[in-house]
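Visitor: only geometry, no sequence info:
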Ligand SMILES: Nc1ncnc2c1ncn2[C@@H]1O[C@H](COP(=O)(O)OP(=O)(O)O)[C@@H](O)[C@H]1O
Ligand SMILES: CC(=O)N[C@@H](CCC(=O)OP(=O)(O)O)C(=O)O
């Protein structure tokens, strides 16, 4: 019997709304079996960047990360947000342990090569340390992963949190876990019409996704989320669901499946 593992990813809008965050942490702390929390925090990082005089730049949901931006996002993701989440989970009796990708070499990345766009210190994941994470899970701990990675040559890198969630899910799926990957954001699912919350698409496959990209009904931060969702499905993750917390609790949201 494979071991069950839930990976919950919470994004910037959930982190920014105290009531939504409270509910998401209650949900995570109460999950049965093994669980890993992956968090973003792009919204908070953009706010702090602006306060410090840096205008954030995003392209297709990914941040252009110059040296000053890297310093600030490291403070926000690997410092304030990660430690606050761990403390909030400890308060719920959940034995959380917060890690950046450098801690225990948990997420190794390489600086994204410059093609048409120079993303700066943005990291593409090379490897997730499944042995380390499985060891922590075996100890009854719940890892809390932030979107800061490293290249093992002393360089920290900023990596999209949806990608961290996918890479973690994939690594643990090939390490004997049956993985449910849940992307939790502020909307009830992937919408046919962004202005109509009742237009949730219950099931998406790569062909329907390509159509939605072409007609412009999916864009922004939903692009890395769905790219990662389909990559996870293709790599053996048992289920990938996108939605708000109510959708996850009720078994609704958007389920990502392979074509066919
Ligand atoms: N068709 C769509 N359905 C739902 N969200 C969409 C769609 N197209 C674009 N989006 C945008 O994607 C965003 C989610 O991506 P992002 O902000 O990166 O999420 P997260 O909160 O996980 O960081 C939504 O807030 C929404 O504005
Ligand atoms: C390279 C890159 O884009 N990194 C992301 C990491 C944070 C993130 O993914 O946060 P959300 O989940 O809240 O969007 C960024 O700095 O915005």
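Guide: Looks like it came in fine. This structure is a prediction, so every number in the text was calculated from the model and none was measured. Numbers count the residues shown, from 1 in each chain. Ligands and ions are numbered 1, 2, ... in the order given.
Visitor: all strands of the protein, in order?
Guide: All strands of the chain, identified by DSSP state E, fall at 3-10, 34-39, 58-59, 62-63, 96-99, 107-111, 123-128, 142-145, 148-150, 156-158, 177-184, 203-204, 239-243, 254-256.
Visitor: Those into TSV, with extra columns for mean neighbour count and distance to residue 213?
Guide: Bear in mind the C-beta positions are built from the backbone N, C-alpha and C, glycine included. TSV is the format used below for those (neighbours: other C-beta atoms under 10 Å; distance: least, C-beta to C-beta, whole Å):
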stretch	mean neighbour count	distance to residue 213
strand 3-10	23	21
strand 34-39	26	24
strand 58-59	11	15
strand 62-63	22	16
strand 96-99	21	33
strand 107-111	22	26
strand 123-128	20	21
strand 142-145	24	28
strand 148-150	26	27
strand 156-158	25	24
strand 177-184	25	17
strand 203-204	16	11
strand 239-243	23	15
strand 254-256	24	14
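Visitor: would you turn the ones you listed into TSV with mean pLDDT?
Guide: Formatted as TSV, the strands of the chain follow (pLDDT from 0 to 100):
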stretch	mean pLDDT
strand 3-10	97
strand 34-39	98
strand 58-59	90
strand 62-63	91
strand 96-99	98
strand 107-111	98
strand 123-128	98
strand 142-145	99
strand 148-150	98
strand 156-158	98
strand 177-184	98
strand 203-204	98
strand 239-243	98
strand 254-256	98
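Visitor: could those strands be laid out in JSON lines, adding distance to ligand 1?
Guide: As requested, the strands of the chain are exported to JSON lines (distance: least, C-beta to the nearest ligand atom, whole Å):
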{"stretch": "strand 3-10", "distance to ligand 1": "7"}
{"stretch": "strand 34-39", "distance to ligand 1": "9"}
{"stretch": "strand 58-59", "distance to ligand 1": "9"}
{"stretch": "strand 62-63", "distance to ligand 1": "9"}
{"stretch": "strand 96-99", "distance to ligand 1": "19"}
{"stretch": "strand 107-111", "distance to ligand 1": "18"}
{"stretch": "strand 123-128", "distance to ligand 1": "17"}
{"stretch": "strand 142-145", "distance to ligand 1": "14"}
{"stretch": "strand 148-150", "distance to ligand 1": "15"}
{"stretch": "strand 156-158", "distance to ligand 1": "14"}
{"stretch": "strand 177-184", "distance to ligand 1": "6"}
{"stretch": "strand 203-204", "distance to ligand 1": "10"}
{"stretch": "strand 239-243", "distance to ligand 1": "8"}
{"stretch": "strand 254-256", "distance to ligand 1": "8"}
